[in-house]
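Undergrad: fold the stuff below for me.
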Amino acid sequence: MRSRDAALDGIRAIAALGVWLLHVGSNTGVMYREGMVPWMISRLGIAVPIFFLLSGLLLYRPWARAVIEDTPRPRPLRYLWRRVLRVMPAYWLVAGLALWAWSSFDWTGRLKWMLLAQNFFPGDPVPDGLYQMWTLPIEMSFYVLLPVLAWVLHRWARGGNRPVRLLAGIAVLAGVSLVTVTVARLFEQPQLALLLPYHLMFFACGMAMAVLSVWIGHSRVVDSLAPQLLVLAALLYALLSTELAGPRTLTLPTLSQSLWRLSLEAAVAVLLVAPFALASRPGSLRNRVLGNPVSAYLGRISYSFFLWHAPVITLQLKLTGAQPFQGDFLSVAVVSFVVTMVLSVGTHHLVEVGALKLGRHRSAPVPPPGAPAPVPAAPAP
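TA: Okay, the predicted model is just below:
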């Protein structure tokens with residue numbers, strides 16, 4: 001059974017901190033100042049494509065292994081139940097408190113948010129402290145669709161070279177993303193950016209990486225080029241932090257800017273994750289930096305950190321009476337980080353871990369007398 005990858009947890013930690021820093025920068029107005037640093041802060045939304053890619057990589061890998069190595073496929077109902085337990089209890093806690101404190105919704109409006117259906121009603125206002133939650137309906141849509149996608153890819157791949165056919169089928173998903181972005185801009189339908197097809201490119205990159213990780217295992221080429229790949233990711237991030245990828249404000253980008261942004265975000269995410277997903281080497285400098293105990297632990301609590309940081313920033317700004325885009329960056333950063341960390345540690349251990357333990361307990365079959373104890377499953381991503 002594959003154990004948890006500490007370096008990938010470290011990448012998840014970096015992504016969560018990126019989202020937090022983006023929202024500190026936007027709420028204090030720092031992000032909209034002149035200069036390269038504000039522009040680079042404004043592009044920390046790259047964290048979302050990284051999260052999406054990791055979901056595609058980690059969740060599709062058992063299905064890819066089933067196709068390539070003829071191992072048993074995951075059971076869809078058990079998989080979906082685990083996804084619900086992984087996402088919903090902590091989300092209900094944070095969203096429920098924010099809705100109670102800052103929304104004027106009636107019961108139908110609150111129900112939409114509690115069921116992660118808010119993206120399907122783009123005209124509704126977004127409550128204070130929940131502006132980051134737009135990504136979760138997209139994640140959940142992928143979770144629900146993945147067993148179907150895996151089944152279709154499994155049938156498609158049986159007719160020839162299985163890994164190659166899997167990669168070809170996954171490429172179609174990336175094409176769907178490109179078409180959706182084009183339609184959204186040409187026909188002025190910005191609400192499409194709140195739906196899964198718009199972001200399938202990132203999930204598809206992760207799924208393709210899952211196929212490669214099963215097919216080729218540890219890649220010596222990727223291992224030898226890992227430093228160059230990480231430097232190239234940084235350089236492309238600098239390019240992403242220009243007007244080539246669109247404005248920093250809520251002004252809609254052009255079609256060209258949208259396509260550049262999609263391509264650059266996908267490239268940065270792939271180049272960042274590939275040296276760890278395709279050439280993991282615990283003794284290497286990159287693995288020791290990202291896979292150290294502190295960053296790995298931050299990665300494990302990153303979901304709770306993601307949930308809590310925006311309500312904490314919102315509450316802090318309300319308590320201090322700061323005007324929009326005029327808060328003190330340093331004080332907001334320090335206080336929000338400390339408070340969010342405390343809440344995240346508690347929520348992770350009391351809610352997230354507790355829910356997953358409950359799921360394992362309820363779904364585990366009772367072994368016959370004298371049978372060896374089952375090997376515990378790897379932690380959920």
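Undergrad: lowest-scoring secondary structure element of the chain by mean pLDDT?
TA: helix 353-363 (a mean of 75; mean pLDDT, DSSP states H and E).
Undergrad: do you have the helices of the stretch 251-381 of the chain handy? List them.
TA: Taking DSSP state H, counting those that start in this stretch as the test, the helices found in the stretch 251-381 of the chain are 255-277, 285-290, 293-300, 302-320, 329-347, 353-363.
Undergrad: and the longest one, what other elements does it pack with?
TA: In other words, helix 255-277. Using 3 or more C-beta pairs under 8 Å, 6 or more residues apart in numbering; DSSP states H and E as the contact criterion, the elements in contact with helix 255-277 are helix 6-27, helix 47-69, helix 162-186, helix 196-215, helix 220-240, helix 285-290. Heads up, the C-betas are built off the backbone N, CA and C, glycines and all.
Undergrad: let me have those helices in CSV, extended by distance to residue 133, mean neighbour count and mean pLDDT.
TA: Supplementary listing: the helices and strands packed on helix 255-277 in CSV, determined by distance: least, C-beta to C-beta, whole Å; neighbours: other C-beta atoms under 10 Å; pLDDT from 0 to 100:
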stretch, distance to residue 133, mean neighbour count, mean pLDDT
helix 6-27, 11, 22, 96
helix 47-69, 12, 23, 97
helix 162-186, 21, 17, 97
helix 196-215, 15, 24, 98
helix 220-240, 24, 15, 97
helix 285-290, 27, 16, 92
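Undergrad: so which of those helices gets nearest residue 130?
TA: Evaluated with C-beta to C-beta, these place helix 6-27 nearest to residue 130, the distance being 11.7 Å.
Undergrad: can you give me the angle that closest one makes with helix 329-347?
TA: 140 degrees (axes from the mean of the first three to the mean of the last three C-alpha atoms, to 10 degrees).
Undergrad: give me the angle between helix 6-27 and helix 302-320.
TA: Going by the same axes, to 10 degrees, helix 6-27 makes 20 degrees with helix 302-320.
Undergrad: in the longest helix seen in the chain, what's buried?
TA: Looking across the chain with DSSP state H, the single longest helix is helix 76-102. Neighbour-count burial for helix 76-102, counted by 16 or more other C-beta atoms under 10 Å, picks out 79, 82-83, 85-91, 93-95, 98-99.
Undergrad: repeat for stretch 109-125
TA: Taking 16+ other C-beta under 10 Å as the neighbour-count basis, stretch 109-125 is seen to contain the buried residues 109-110, 112-114, 116, 118-119.
Undergrad: how near is the residue nearest the centre of the chain to residue 57?
TA: The geometric centre of the chain, computed from its C-alpha atoms, lies nearest to residue 51 (C-alpha atoms, centre = their mean), at 2.0 Å. Remark: distance between residue 51 and residue 57 (C-beta to C-beta, to the nearest Å) = 11 Å.
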